[in-house]
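S.K.: Show me the folded form of this:
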Amino acid sequence: MRPKRLVIKKTVFFTGYMLDKQDTTELIKIAKAQIPAGMPDHELKFHANNILICPRPCPASILDKVGGMGAKMKWEVTGTACYENSIWAACLRPLPPN
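M.R.: As a prediction, the model looks like this:
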């Protein structure tokens with residue numbers, strides 16, 4: 001008797017743009033300028049390298065607005081937000097294509 005076939009299930013927890021290593025490095029430089037002097041490096045924690053679009057599977061209407069799956073965008077940092085000596089957010093705006 002043949003066992004039942006297994007199926008791979010796709011689960012989407014969030015939809016976003018992934019940042020490459022170079023862009024992550026640039027954001028860290030911006031972040032370090034906001035961190036109090038004398039903060040030991042071992043106390044710095046980095047939690048993300050993405051720009052969140054939607055905290056769940058993205059509806060088609062939003063996905064169309066952001067360029068669809070696989071789209072690449074360039075962004076400019078317009079500000080950051082801090083809470084209790086932690087950088088929680090970077091405000092970004094998309095740059096027009098060259």
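S.K.: can you tell me which residues contact Pro94?
M.R.: Met73, Lys74, Trp75, Glu76 (C-beta atoms under 8 Å, 6 or more residues apart in numbering). Just so you know, the C-beta spots here come from the backbone N, C-alpha and C atoms, and that holds for glycine as well.
S.K.: May I ask which of those has the most neighbours?
M.R.: Trp75 (15 neighbours; other C-beta atoms under 10 Å).
S.K.: which residues touch the residue lying closest to that one once chain neighbours are set aside?
M.R.: Spatial nearest neighbour of Trp75, chain neighbours left out: Leu92 (4.4 Å); criterion: C-beta to C-beta, 6 or more residues apart in numbering. Leu92 sits next to Ile51, Trp75, Glu76, Val77, Thr78 when contact means C-beta under 8 Å, 6+ apart.
S.K.: what about Leu92, which SS state?
M.R.: Here Leu92 is strand, with the state taken from DSSP: H, G, I helix; E, B strand; the rest coil.
S.K.: Quick check: it vs Gly67, distance?
M.R.: 15 Å (C-beta to C-beta, to the nearest Å).
S.K.: repeat for Val7
M.R.: When Val7 is compared with Gly67 (using C-beta to C-beta), they lie 30 Å apart.
S.K.: Neighbour count for those two, which is higher?
M.R.: Neighbours around Val7 and Gly67, counted as other C-beta under 10 Å, are more numerous at Gly67. The numbers are 12 against 5.
S.K.: Skip the chain neighbours and tell me the closest residue to the more buried one.
M.R.: Spatial nearest neighbour of Gly67, chain neighbours left out: Met73 (6.7 Å); criterion: C-beta to C-beta, 6+ apart.
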